[in-house]
Structures are given as C-alpha cells and as structure tokens.
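[1] Need coordinates for the following:
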Amino acid sequence: MSLRARFLEEMKASMKAGDSARTSTIRMVMAKLKDTDIAARPTGVEQVPEEQIVAMLRSMVKSRRESVEMYRQGNRPELADKEEAEIAVIEGFLPQQMDDAAMQAAVDEAVAETGAASIKDMGKVMAALRAKHAATMDMAKAGPLVKAKLGA
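    Residues are numbered from 1 along each chain as shown. Down below sits the predicted model:
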C-alpha cells in the first residue's frame, strides 16, 4: 500500500475512533504533501514519488524534534508533549530504521564497493549509501561512521 493510501486509511480510522490529536497530525501531513506536490508541478511532476514523501516526513520529524528541544528549554512541557505525540504519529509512516550494526555493515559494504581509500572519497561513499539505503538509513548518523571508517 502506498503512503498516500495509508494516510487516507489512517485518517479515516482515527476519525472513526475519535482520536482528534492523531487526525489533526495526519491532516497536517497530508497538507504538507499537497504543498510538496504543488511545488513539484513546474518540473512536470504531478505527484512526488514515495522516496520524496519519506524525505518530507523525515524533515517534519526533524523540525518537531528541534521544537521539542526549544519548548523544554523554555519550560513549556505541554507544548513539548504535543510535538512528541506528533513525532510518534509521523514516525509510524516511516520505514523501519536500520539499527547500528546494520548501519555499520552497510557503511563497510559501501566503502568496499566504491574502493574508497581516504577521507577524500567520503562523497562517493555517502552517494552509494544514499542510493541504496536512503529510506532506511539516517544519513546524519551515517556520516560520522563513514568518517571513522575512512580514518579521518
């Protein structure tokens, strides 16, 4: 089932269950997706592909994590809790993330495949990782692993 179809199904289910917080979050995701589709139209794309939807969801989670941090510093726990609840809903749509061992194995494999020998080859390794594992790997965590592997 595509992510678009899952959004609709989940929204219907949460509306029937009377879960207003979940419904609100899914509506927000669908609105952001519509904006993303509209932004892509000048390039001739009517609906963005799944991997772009996943990237959009990741950026939504990232911005909410930053908000949680600020709300905690500002002593606003109720707002931080609301953001965390939204993060939980959004993450439910994301593919399962790789654990540390799988990530290390993927980095080792990418280094071997690209023949990377020094830190100068980091871009090639990151490109290979992005091409193969973009949906399931957190690239922000992969960077330091690649650096360590290439002996920076």
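[2] Now the one residue sitting closest to the centre of the chain: closest residue in space, sequence neighbours ignored.
    When C-alpha atoms, centre = their mean is applied to the chain, the residue found nearest the centroid is Arg58 (2.3 Å). Of all residues not flanking Arg58 in the chain, Leu94 sits nearest, at 6.9 Å (C-beta to C-beta, 6 or more residues apart in numbering). Bear in mind the C-beta positions are built from the backbone N, C-alpha and C, glycine included.
[3] and what of Arg65?
    Ile87 (6.7 Å).
[4] The helix or strand harbouring the one you found: which residues count as buried?
    Using DSSP states H and E, the element containing Ile87 is helix 77-91. Of all the residues in helix 77-91, those buried under the rule 16 or more other C-beta atoms under 10 Å are Ala80, Lys82, Glu83, Glu86, Ile87, Val89, Ile90.
[5] orientation of the one helix or strand the residue nearest to the centre of the chain maps to relative to helix 77-91 in degrees?
    Under the criterion of DSSP H and E, Arg58 resides in helix 50-73. Angle, helix 50-73 to helix 77-91, by axes from the mean of the first three to the mean of the last three C-alpha atoms, to 10 degrees: 170 degrees.
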